[in-house]
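K.L.:
Next comes the sequence, and after it the predicted model I'd like to discuss.
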Amino acid sequence: MSLLIASLSFYLVVAATVVGAVIAVAARNIFHNVLGLALSLIGVAGLFLYLNSPFVALMQILIYVGAITIAICFAIMLSQPLYLPAPPRNPLKIQGAAFGAGLVFIFLGLLTRQTLWTPAAERVNDWSITTIGHYLLNQYVVIFELISLLLLVAMLGAIVTARGGRGSA
Amino acid sequence: MPAFNQLHTYLYLAVILFCLGLYGVLSRRNLIAVLISVELMLNAASLNFMAFNRFLAPHPAVGQIVALFIMAVAAAEAAIALSIIVALYRKLKSINIEQANELRG
């Protein structure tokens, strides 16, 4: 019974991910795109729950859905007004994009199918957040610090770029 | 074995997400839509990392750490891209990427 519930909710999460992604790339209204992206990101967070990582799932919702999506909403408000009619789509470009993405899809699908995935011979079964914290502050501490530096530089760069720089009115 | 306990389910999902994102990057002309598609592709990558972490990796903390790093880099990328969008709109009064061709020779 619990297996049935788990399977059903898994398919629900998968449907949210895929449908959200389709809305995010295909809808004409840019605001619908953002909502589709949020749905897809929540779906991916659910997949992370199924992959035994509730911490990363929470971070996904906090950072992606809570921060990045809202930031994109701000960018929409600060740029093109939504009531302006969108320019007509170029069918040739759509077909070319579908063709290229389809080729990559076939290639990656075959790659996934043909490869023999072998698990590591020796696997530790330690999923706790404490271990993640230990890894972050011991083995990966340089990358951790570099990421914070990257975020600082990105923040300063965003402020400088969005202010218009020197000499603008 | 149920579908959520198989590596291939997650890998195929990541392929679908990645290709939808790629289609969006290639076909859309609104810069914000391109950014949204790139976020989808980054998510596919992090889903792949988490799936390998769950089914193959010797230590299950490493993939989660990589996924966290991907999120941080995505946040930085989004901040930069959004400020570029605002600056571009101020300059061109449009965020259509086909009109941003001032450097064309």
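P.N.:
Done, it's in.
K.L.:
so where does the residue positioned nearest the centre of chain A fall, helix or strand?
P.N.:
Centroid check for chain A by Cα atoms, centre = their mean gives A:L41 as the closest residue, at 5.7 Å. Following DSSP states H and E, one finds A:L41 within helix A:30-50.
K.L.:
ok, the helix or strand just after that helix near chain B or not?
P.N.:
Using DSSP H and E, the helix or strand that follows helix A:30-50 in sequence is helix A:54-59. Yes. Residues of helix A:54-59 are located near chain B by Cβ under 8 Å from any Cβ of the partner chain, namely A:F55, A:V56, A:M59. Every residue, glycine included, has its C-beta placed from N, CA and C.
K.L.:
Which of these sits closest to chain B?
P.N.:
Using Cβ to the nearest Cβ, A:V56 comes nearest to chain B of these, at 5.0 Å.
K.L.:
surely that closest one meets B:F69?
P.N.:
No. A:V56 lies out of contact with B:F69 (Cβ atoms under 8 Å); the separation is 11.1 Å.
K.L.:
Could you check which of the two is surrounded by more residues?
P.N.:
Neighbour comparison, A:V56 and B:F69: the larger count goes to A:V56, with 27 against 19 (by other Cβ atoms under 10 Å in any protein chain shown).
K.L.:
wait, what's in contact with the more buried one?
P.N.:
Counting by Cβ atoms under 8 Å, 6 or more residues apart in numbering or on different chains, A:V56 touches A:F48, B:M50, B:Q64, B:A67, B:L68.
K.L.:
Next one: the fourth one from A:L47, what distance?
P.N.:
B:A67 is 11 Å from A:L47, where distance means Cβ to Cβ, to the nearest Å.
K.L.:
average pLDDT for the longest helix anywhere in chain B?
P.N.:
Assignment by DSSP state H gives helix B:62-92 as the longest helix of chain B. Averaging pLDDT along helix B:62-92 yields 90.
K.L.:
Over to A:D126: give its phi and psi.
P.N.:
The phi/psi pair for A:D126 (degrees, to the nearest 10) reads phi -130, psi 100.
K.L.:
Excluding chain neighbours, what is closest to it?
P.N.:
B:P60 (6.5 Å; Cβ to Cβ, 6 or more residues apart in numbering or on different chains).
K.L.:
doesn't the one you found fall inside a strand?
P.N.:
No. Assigned with DSSP: H, G, I helix; E, B strand; the rest coil, B:P60 falls outside any strand and is coil.
K.L.:
Contacts only, for it.
P.N.:
A:N52, A:R123, A:V124, A:N125, A:D126, A:W127, B:N53, B:R54 are the contacts of B:P60 under Cβ under 8 Å, 6+ apart.
K.L.:
what about whichever helix or strand the last one is part of, near chain A?
P.N.:
Same thing as B:R54. Using DSSP H and E, B:R54 sits in helix B:31-55. Yes. Counting by Cβ under 8 Å from any Cβ, chain A has neighbours in helix B:31-55: B:32-33, B:35-37, B:39-40, B:43, B:46-47, B:50-51, B:53-55.
K.L.:
quick one: that helix to helix B:62-92, angle?
P.N.:
180 degrees (axes from the mean of the first three to the mean of the last three Cα atoms, to 10 degrees).
K.L.:
mind listing what's buried in helix B:31-55?
P.N.:
By neighbour count with 16 or more other Cβ atoms under 10 Å in any protein chain shown, helix B:31-55 contains the buried residues B:31-55.
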